[in-house]
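Trainee: requesting a structural model of the entry that follows:
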Amino acid sequence: MTRREIFFVANEVNELGGVGRWQTQMARLFAERGHRVRIIGICPPEMPMDLGEDPPFETVTLHARRPPGRRGPHLLPGRLDPVVRRQQARRRAAAARMSRMFRAARPGAVIIVTQVWAMEWVALADTAGHSVIGMSHESFDASRRSSRFARVRTYFRDVDRLLLLTRQDADLWAGQGLNNVGFLPNPLPVLPGVPSPRTEKVVASIGRLSHAKGVDLLLDVWAEAAPRQPGWLLRIHGAGDHEEELRRQCTRLGLDDSVEWAGQTDDVTGALARCSLLVQSSRGEGFPLVLLEAMACGVPCVAFDCSPGVREIVEDGEDGLLARHGNTTELAAHLVRLMADENLRDTMGERARRNVLRFAPEVITDRWEELFAFLER
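Mentor: This next block holds a predicted model:
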């Protein structure tokens, strides 16, 4: 096996969330195989994630605070707008710093750019002699609904490979004229030695309290499901700007006695060990790690079929249940079905724990190393 220098370039080194957790896991997996790994962040995170003591990779953050968005070159008499000049100077300095790191790397180095905003900075740097892999961790449809869509087409057009998380998303981007696309799913974050006993009457939700995660929809779902299965608790793990508004909605719906606000957790496995079902009500997802984690814990998932990544992970009717995107009544019915049937929960949980092994870390890491070797040829 060829030992390489691997750079991750991301918006932040350790932002709490799916991309940050994926990046940290992959950095560890590559380091365990003898690669030298560095993570370059453009700016500090708003919600930092603990990387643990003495992580086996280096980290660098280019800016002490998040740089402002670009402004157009407004002309003043005889000179460029000074704000624009300062922005350009900062961007040049950051690009020069990255260029120095890339130039010092051994031949065969790989630069993995995990987000398109980070790629806007890498595009200014000297990457000559190294493979550049761009990534989009969201579904094609989610990207198309955002400003990132045009930027992905612009900044990832000429990288050596643009990786999506599912074949369907890769095919859709290829239809946009990108001929460098491929796909690689996220690896399973953890496989506990002992699965959840699935004995507690608890449905867990784990994720940020944001519009994208659809916790407002989940409360509407729970208002339908809870009266049909008394004694069950919805435990919501997460934090975010929408928390106060969501708590008011919970009270308005009369759900305070059956909803627990558990706050942000770093112990996802522990949270899953104390529940019997996981529910996900997101408006959009890429390849949600929490579904992988729940299945690894033997916890069946009930989710909106909001992206190819969700149905790539959960096989509807086999190891979990999927509802049509945004259909709260259908999601509530799926929850009630599993809440009412202990044997079905156990059967689906056992299948989930078995089926999720196709995303085992060693399997996914092997595919990454095969890609590195292919791009080097």
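Trainee: now do the SS call for the spatially closest residue to Gly238 that is not a sequence neighbour.
Mentor: Nearest in space to Gly238, with sequence neighbours left out and distances taken as C-beta to C-beta, 6 or more residues apart in numbering, is Leu209 at 4.8 Å. In short, each C-beta sits where N, CA and C put it, glycine included. In three-state terms, and counting by DSSP: H, G, I helix; E, B strand; the rest coil, Leu209 is coil.
Trainee: and the strands in the stretch 51-200 of the chain?
Mentor: Using DSSP state E, counting those that start in this stretch, the strands found in the stretch 51-200 of the chain span residues 58-61, 75-76, 79-80, 110-113, 131-135, 161-164, 181-183.
Trainee: what packs against the longest one?
Mentor: Other elements packing on strand 131-135 under the criterion 3 or more C-beta pairs under 8 Å, 6 or more residues apart in numbering; DSSP states H and E are strand 110-113, helix 116-122, strand 161-164, helix 361-376.
Trainee: quick check: buried residues in stretch 203-211?
Mentor: 203-210 (16 or more other C-beta atoms under 10 Å).
Trainee: end to end, how far does that stretch reach?
Mentor: End-to-end distance for stretch 203-211: 20 Å, by C-alpha to C-alpha, to the nearest Å.
Trainee: so how far is it from its chain's centroid?
Mentor: The chain centre lies 14 Å from the centre of stretch 203-211; the measure is C-alpha atoms, centre = their mean, to the nearest Å.
Trainee: which residues are in contact with that stretch?
Mentor: 17, 213, 215, 218, 222, 232-243, 246, 265, 268, 271-272, 274-283, 290, 294, 299, 335, 339 (C-beta atoms under 8 Å, 6 or more residues apart in numbering).
Trainee: count the residues that sit near the nearest residue to Ala239 once chain neighbours are set aside.
Mentor: Excluding the flanking residues, the one nearest Ala239 by C-beta to C-beta, 6+ apart is Gln264, at 4.1 Å. A total of 14 residues lie near Gln264 under the criterion other C-beta atoms under 10 Å.
Trainee: test my guess that Gln264 contacts Ala271.
Mentor: No: Gln264 is not in contact with Ala271 according to C-beta atoms under 8 Å; the separation is 10.6 Å.
Trainee: list the residues that contact both of those two?
Mentor: By C-beta under 8 Å, 6+ apart, Gln264 and Ala271 have these common neighbours: His237.
Trainee: low-confidence stretches in this protein?
Mentor: For the chain, the stretches flagged by pLDDT under 70 are 69-81, 83.
Trainee: quick check: domain ranges of it?
Mentor: Domain assignment for the chain, taken from automatic domain parsing, gives 5-186+360-376, 202-358.
Trainee: touching, Ala323 and Leu335? I think so.
Mentor: No: counting by C-beta under 8 Å, Ala323 sits too far from Leu335 to count as a contact (9.2 Å).
Trainee: show me where the stretch 1-150 of the chain has its helices.
Mentor: Using DSSP state H, counting those that start in this stretch, the helices found in the stretch 1-150 of the chain span residues 18-32, 82-104, 116-122, 140-144, 148-155.
Trainee: okay if I get those as JSON lines plus mean neighbour count and distance to Thr347?
Mentor: Output for these, formatted as JSON lines (neighbours: other C-beta atoms under 10 Å; distance: least, C-beta to C-beta, whole Å):
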{"stretch": "helix 18-32", "mean neighbour count": "20", "distance to Thr347": "28"}
{"stretch": "helix 82-104", "mean neighbour count": "14", "distance to Thr347": "51"}
{"stretch": "helix 116-122", "mean neighbour count": "21", "distance to Thr347": "41"}
{"stretch": "helix 140-144", "mean neighbour count": "20", "distance to Thr347": "32"}
{"stretch": "helix 148-155", "mean neighbour count": "17", "distance to Thr347": "40"}
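Trainee: send the alpha carbons of stretch 160-174 over as PDB?
Mentor: This file holds the C-alpha atoms of stretch 160-174, laid out as PDB (Å, rounded to 0.1, in the frame of the first residue of the first chain):
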ATOM      1  CA  ASP A 160      -9.900  15.200 -10.800                       C
ATOM      2  CA  ARG A 161     -13.000  13.600  -9.300                       C
ATOM      3  CA  LEU A 162     -16.300  15.000  -7.900                       C
ATOM      4  CA  LEU A 163     -17.700  12.500  -5.400                       C
ATOM      5  CA  LEU A 164     -21.300  12.300  -4.400                       C
ATOM      6  CA  LEU A 165     -22.700  10.000  -1.800                       C
ATOM      7  CA  THR A 166     -25.000   7.900  -4.000                       C
ATOM      8  CA  ARG A 167     -25.000   6.700  -7.600                       C
ATOM      9  CA  GLN A 168     -28.300   8.400  -8.300                       C
ATOM     10  CA  ASP A 169     -26.900  11.800  -7.200                       C
ATOM     11  CA  ALA A 170     -23.800  11.200  -9.300                       C
ATOM     12  CA  ASP A 171     -25.900  10.400 -12.400                       C
ATOM     13  CA  LEU A 172     -27.900  13.600 -11.900                       C
ATOM     14  CA  TRP A 173     -24.700  15.700 -11.700                       C
ATOM     15  CA  ALA A 174     -23.400  14.000 -14.800                       C
END
